[in-house]
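# Kindly return the folded structure for what I paste below:
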Amino acid sequence: MSLTVSFDTQNQKIKPKSKTTIRQTNPVIGEKLNGGAKVNGIIEHFKQGEKAGDCRALAQLIGLSFTTIGKKAIKDSVRPDRMGGAIVTFKGAKGTQKEFRISIEEFNRYENGKIYSKGDDDVLCIEIAMVKYLKSLGVKIPKDGIQGHEVAELGENELVGLLMGENIQRYDILACMYDINGTRNVEIYLKEFEKNPNKFICEIGFTDNFDDEIYINHAYALKRIEKKNGKKYVIFINPYNSTKELKMEYTQFVNSVDNTALYELNSNQRNRNLLNFENRKSELWNLEKAELELKQVEKNKYQSKDGLWWDGNEYQAFTNKIKYAKIEDVKKYINNFSDLQRYIIMKNYAETYISKLDHRTMGWSSEKIQDKKDIIQPFIDSAIKHAKLYGISDKDINEFKNACAKELNAKFYTNQSKIIEAFEKFIKIVENAKEEYYEGCHY
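Below you'll find the model as predicted:
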């Protein structure tokens with residue numbers, strides 16, 4: 001119920017007692033005067049902003065609001081500043097600055113929902129605080145707001161880690177993978193979530209577009225798994241409408257969910273089943289096993305003027321398997337596997353492969369600059385070597401090399417889209433030169 005109070009001042013003249021104009025908020029009920037934030041430390045209805053690509057962070061925030069420990073963390077993190085703004089505390093922030101103040105002017109600038117979220121002032125203040133935190137680390141924020149690359153720079157556990165601080169264990173789930181007994185990887189984690197949803201939050205994505213609410217390249221928050229009329233369903237939330245529950249039949253969900261992140265809260269008491277499975281990953285999904293699988297599909301390979309190629313399914317199988325390998329094994333394998341490099345380059349798979357590396361637990365953080373170079377540089381070298389066969393100019397080669405080097409040497413994060421853009425441009429040059437080389441011969 002809401003109460004509206006109006007004053008008829010048509011026949012009255014009100015004289016102020018002083019010339020001082022006071023802008024204030026009522027600290028008791030949070031009533032907004034002259035604009036400003038109304039925060040209460042509780043996540044209520046909101047919709048993701050039109051331009052910002054921070055769906056992962058918002059899905060994590062929604063997930064936290066479903067748990068007891070998460071609710072407390074949010075409550076402890078946001079408070080009014082008594083001047084129409086708010087103060088957000090990030091327990092897990094790097095460095096000495098943990099508190100970030102959002103002024104009434106900053107809040108009013110973004111509350112229209114054009115860039116960041118609209119509907120719940122706590123959520124918007126947390127988003128603005130994320131911007132301030134990232135800027136304090138030297139991360140550049142696009143004019144359209146935080147995107148996925150910037151969210152990754154929040155730290156290994158992203159917004160969950162910022163709000164919760166320590167005792168967080170993140171599990172990166174490759175839904176397309178199977179255990180040795182044929183169980184789909186994601187089911188192992190879903191089972192533990194179902195048994196104790198108050199201990200976990202789960203951020204999910206999908207492999208395909210289903211309707212205007214469930215689609216690819218977007219993050220959702222898992223809410224619960226329920227049984228009804230003999231069937232099992234998964235309930236989840238889209239950050240574009242935080243109060244609407246979306247439902248999918250369990251088997252369809254398991255077969256449709258994409259790479260997913262599960263966060264175990266209070267991980268000083270880690271789930272034994274998940275811990276055991278994590279310890280077996282390198283055994284279950286290793287490069288040697290992937291190589292054997294590829295040899296078994298020898299009949300699907302064929303020869304071309306560019307050497308041995310794979311078909312898309314074999315490529316997909318390999319890149320999925322490589323996910324769980326140790327980083328040193330990945331480096332070694334990529335350096336030795338020229339066919340893989342050639343296939344990715346000539347079939348325009350640079351985008352897919354780099355995107356997959358972005359989902360590795362190694363991330364794109366500044367601490368992993370050398371790992372990024374070691375993994376991506378062989379592709380760059382192979383592309384250049386291949387280009388020289390068709391007489392590509394030094395100017396084009398150097399432009400490609402420098403564009404990639406700029407990103408790989410970036411201090412805080414690598415913008416994979418810039419590398420992809422450089423690859424695509426270079427591949428186009430090579431393809432055009434190759435057509436001339438073969439005098440229009442198609443194969």
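
# can you pull the contacts of R101?
Shown in contact with R101 (C-beta atoms under 8 Å, 6 or more residues apart in numbering): 81, 85-88. For the C-beta atoms, the positions are set from N, CA and C on the backbone; glycine is no exception.

# By neighbour count, which of those wins?
When neighbours are counted by other C-beta atoms under 10 Å, A86 leads these with 29 neighbours.

# for the closest residue to E106 other than its chain neighbours, helix, strand, or coil?
Beyond its immediate neighbours in the sequence, the residue positioned closest to E106 (C-beta to C-beta, 6 or more residues apart in numbering) is I128, lying 5.9 Å away. In terms of secondary structure, I128 is helix; the call rests on DSSP: H, G, I helix; E, B strand; the rest coil.

# and the gap between I128 and H45?
Separation of I128 from H45 (C-beta to C-beta, to the nearest Å) stands at 19 Å.

# more neighbours, those two?
Neighbour comparison, I128 and H45: the larger count goes to I128, with 27 against 12 (by other C-beta under 10 Å).

# mind checking pLDDT for that one?
If you check I128, the pLDDT there is 97.

# So for stretch 201-216, what gets flagged as buried?
Of the residues in stretch 201-216, those buried under the neighbour-count criterion (16 or more other C-beta atoms under 10 Å) are 201-206, 214.

# what about that stretch, start to end distance?
Using C-alpha to C-alpha, to the nearest Å, one end of stretch 201-216 lies 20 Å from the other.

# For that stretch, give me every contacting residue.
56, 59-60, 63-64, 66-67, 70, 160, 175-176, 189-190, 193, 217-222, 236, 238, 240-241, 244, 246, 248, 256-263, 265.

# tell me the mean pLDDT over that stretch?
Confidence over stretch 201-216, taken as the mean pLDDT, stands at 89.

# do stretch 230-242 as well
Averaging pLDDT residue by residue across stretch 230-242 gives 96.

# before we move on, what about stretch 149-168?
Looking at stretch 149-168 alone, the average pLDDT works out to 89.

# May I have that stretch as CSV, with CA atoms only?
Coordinates of the C-alpha atoms in stretch 149-168 are reproduced here as CSV (Å, rounded to 0.1, in the frame of the first residue of the first chain):
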residue,chain,number,x,y,z
HIS,A,149,35.8,-8.1,-20.6
GLU,A,150,35.6,-5.6,-17.8
VAL,A,151,33.5,-7.9,-15.6
ALA,A,152,36.4,-10.5,-15.9
GLU,A,153,38.8,-7.9,-14.5
LEU,A,154,36.9,-7.7,-11.2
GLY,A,155,38.9,-10.7,-10.1
GLU,A,156,38.8,-14.5,-10.3
ASN,A,157,35.4,-14.7,-8.6
GLU,A,158,34.2,-11.5,-10.2
LEU,A,159,31.4,-9.7,-8.4
VAL,A,160,30.8,-12.6,-6.0
GLY,A,161,34.4,-12.3,-4.8
LEU,A,162,34.1,-8.5,-4.5
LEU,A,163,31.1,-8.6,-2.3
MET,A,164,31.9,-11.7,-0.3
GLY,A,165,35.7,-11.4,0.1
GLU,A,166,37.3,-14.7,0.9
ASN,A,167,36.0,-18.3,1.2
ILE,A,168,34.6,-18.5,-2.4
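
# So, low pLDDT: which residues of this structure?
Applying pLDDT under 70 to the chain flags residues 1-35, 174-184, 280-369, 411-414, 416, 437-443.
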